[in-house]
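**Q** 3D model of this:
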Amino acid sequence: MIERLLGELPGVCSVGEVTHLWQRMLIDGEACGCGEPFLRCAFWREVGEEAFGGWSRVRASDILRLKGSVDRLRFLPRLLRRDLPADLAERVDRYTVTYGRLYAATARVDGSQVVVDGSKHASMAACLSHRYGADLRVVHVVRDPRAVAYSWAKRQARPMATSVSKEKDMARYSPGRAAVQWNAENTALTILARRGVPTLRIRYEDFAARPWESLAEISGFADLPNELPLRPNRTAVLSPTHAVCGNPALWRSDHITVREDTSWRSELNLRDRALVSALTAPTRPHFGY
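**A** Okay, here's the model as predicted:
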């Protein structure tokens, strides 16, 4: 939601979760946020031409193999070092140069100064930090781990999936795995901030309670126009988007209302709540939970 709202600011282009573009868009042929199949979308055709000389010249399978060799949770201990081992540094450079070309082309085609990528992986942020340094801005959104575990456990079909899509449903994790991942991802982003990567932490609950203040804080942090898109009733009218992947409910809507989803408080069973609470007990206080 924050990404979509930032995309309404002048000079800002929000592009969804680009980390999934290679599989879901180029291989599976899923639709852009505008509703057109990705490869038939005029905006993305122009971006592909600008960045790579056309999408036909991009070997998505090669990018995915490279991604598997650098952009994974298990590589975080090494990625968080200031100086990478030579072999990893070479792979990270090859991996991130592709994103660099894509972001630059997106900005030129859209006429924007800032591109917002809503990808939610600390390993990807760590990879990009080695390319962009202080030019990278990370908005670290953190939520109560029990709410996260409840959300990850729900079965939800991906309406944008095609007949050949590798993933027909949204990803699901057990409460235990969700808790472990919550610890790892949030701790990694904290270390990244300590390493000097400009980072702003926003708690989901604070954003839901005071969205205007949170958006103003993000705008100031990232040098974005302070023209808040929210109305007094907490709604925002959304422009058509060319976002890839992410939450389809946010792409296809013409408006959104900011409100906290508290369903987990009544629907997460006591056993799972206790498990997640125990597994995240060492790190939760650091994030205010």
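**Q** ok, now which ones touch residue 235?
**A** Residues near residue 235 by Cβ atoms under 8 Å, 6 or more residues apart in numbering: 255, 256, 257, 258. C-betas here are computed from N, CA, C, even on glycine.
**Q** ok, the second one touching residue 7?
**A** No: under the contact definition of Cβ atoms under 8 Å, residue 256 does not touch residue 7, with a separation of 11.5 Å.
**Q** those two: which is more packed in?
**A** Using other Cβ atoms under 10 Å, the more surrounded residue of residue 256 and residue 7 is residue 7, with 24 against 18.
**Q** for the more buried one, give me its contacts.
**A** Taking Cβ under 8 Å, 6+ apart, one finds 13, 14, 116, 239, 241, 243 in contact with residue 7.
**Q** what is the nearest of those residues to residue 126?
**A** Within the contacts of residue 7, proximity to residue 126 (Cβ to Cβ) peaks at residue 116, which comes in at 18.2 Å.
**Q** what about the closest one, how many residues nearby?
**A** 23.
**Q** wouldn't it be in contact with residue 5 here?
**A** No: using Cβ under 8 Å, residue 116 is not in contact with residue 5; the gap is 9.8 Å.
**Q** not counting sequence-adjacent ones, nearest residue to residue 221?
**A** Distance criterion Cβ to Cβ, 6 or more residues apart in numbering; nearest residue to residue 221, sequence neighbours excluded, is residue 200 at 4.4 Å.
**Q** if we can go back for a sec, residue 234: which of the contacts of residue 235 is nearest?
**A** Of these, the one sitting nearest to residue 234 (Cβ to Cβ) turns out to be residue 258, at 4.6 Å.
**Q** quick one: mean pLDDT over the lengthiest helix in the chain.
**A** The longest helix of the chain (DSSP state H) is helix 86-110. On average, the pLDDT along helix 86-110 is 97.
**Q** list the buried residues for that helix?
**A** Neighbour counts using 16 or more other Cβ atoms under 10 Å place 88, 91-92, 95-96, 98-99, 102-103, 105-107, 109-110 of helix 86-110 among the buried residues.
**Q** who touches that helix?
**A** 13, 15, 18, 21, 43, 46-48, 50-52, 63, 66-67, 69-71, 75, 78-79, 84, 112-115, 117, 127-128, 130-132.
**Q** from residue 188, how far out is residue 194?
**A** Taking Cβ to Cβ, to the nearest Å as the measure, residue 194 falls 11 Å from residue 188.
**Q** if you could redo that for residue 96, that was the one I meant.
**A** For residue 96 relative to residue 188 (Cβ to Cβ), the value is 17 Å.
**Q** residue 110 now?
**A** Taking Cβ to Cβ, one finds residue 110 at 30 Å from residue 188.
**Q** residue 129: which element?
**A** Secondary structure assigned from DSSP states H and E places residue 129 in helix 122-132.
**Q** can you list contacts of that helix?
**A** 19, 70-73, 75-76, 79-80, 84, 89, 92-93, 95-97, 99-100, 136, 138, 184-186, 188-189, 192, 195, 197.
**Q** buried set for it?
**A** 122, 123, 124, 125, 126, 127, 128, 129, 130, 132.
**Q** pLDDT of it, averaged?
**A** Rounded mean pLDDT across helix 122-132 is 96.
**Q** the helix or strand that it is followed by pairs with which strands, and in what direction?
**A** Downstream of helix 122-132, the first helix or strand assigned by DSSP H and E is strand 138-142. Partners of strand 138-142 in the sheet, by DSSP bridges, are strand 199-203 (parallel).
**Q** report the buried residues of the partner strand.
**A** 199, 200, 201, 202, 203.
**Q** quick one: low-confidence ranges for the stretch 151-289 of the chain?
**A** Within the stretch 151-289 of the chain, the ranges that satisfy pLDDT under 70 run 157-159, 161-163, 165-166, 168-170, 248-253.
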